[in-house]
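Undergrad: no sequence on hand, only this structure:
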């Protein structure tokens with residue numbers, strides 16, 4: 001959940017209305033047996049952030065299909081990507097390669113911020 005707090009801090013630093021964040025929660029750890037509760041979701045109250053529960057890891061599988069081999073160099077458990085930041089240019093679709101992908105979120109957030117300023 002430190003990742004959600006890191007994303008909230010990033011959003012506060014970047015007040016532009018051109019930025020959208022999609023947070024995908026998925027079961028990875030043994031404690032992740034249900035969708036996030038309201039207290040968890042409230043850690044990221046910014047209206048530019050949409051949060052989803054992906055029990056079947058559909059988003060992670062789709063992202064994996066479009067990420068070059070060896071990337072990211074972290075954040076994978078049993079073939080499922082998790083706890084990472086993936087940046088896509090405006091008007092992109094999820095079926096394309098991200099312009100930036102790294103993790104875990106708390107370590108990648110500063111690089112993501114730098115990359116966002118370049119986009």
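TA: Good, I have the coordinates. Since this is a predicted model, take the numbers as computed values, not measurements. Numbers count the residues shown, from 1 in each chain.
Undergrad: what's around residue 111, how many residues?
TA: By other CB atoms under 10 Å, 13 other residues sit near residue 111. All C-beta spots, glycine's among them, are computed from the backbone N, C-alpha and C.
Undergrad: so it sits against residue 101, correct?
TA: No - checked against CB atoms under 8 Å, the pair residue 111 and residue 101 is beyond contact range at 10.4 Å.
Undergrad: contacts only, for the residue nearest the centre of the chain.
TA: The centroid of the chain falls nearest to residue 85 when counting by CA atoms, centre = their mean (4.2 Å). Counting by CB atoms under 8 Å, 6 or more residues apart in numbering, residue 85 touches 100-103, 105, 108-109, 112.
Undergrad: filter those residues down to the ones in strands?
TA: Applying DSSP state E to the contacts of residue 85, the entries found in strands are 100-102.
Undergrad: do a quick rundown of the strands in this protein.
TA: According to DSSP E, the strands that the chain contains are 21-25, 49-53, 76-77, 80-81, 85-87, 100-102.
Undergrad: out of those strands, which is the most enclosed?
TA: strand 85-87 (a mean of 23; mean count of other CB atoms under 10 Å).
Undergrad: relative to the whole chain's centre, how far out is it?
TA: Distance, stretch centre to chain centre, for strand 85-87: 6 Å (CA atoms, centre = their mean, to the nearest Å).
Undergrad: re earlier: and the residue nearest to the centre of the chain, how far from residue 4?
TA: 12 Å (CB to CB, to the nearest Å).
Undergrad: then residue 68?
TA: In terms of CB to CB, residue 68 sits 27 Å off from residue 4.
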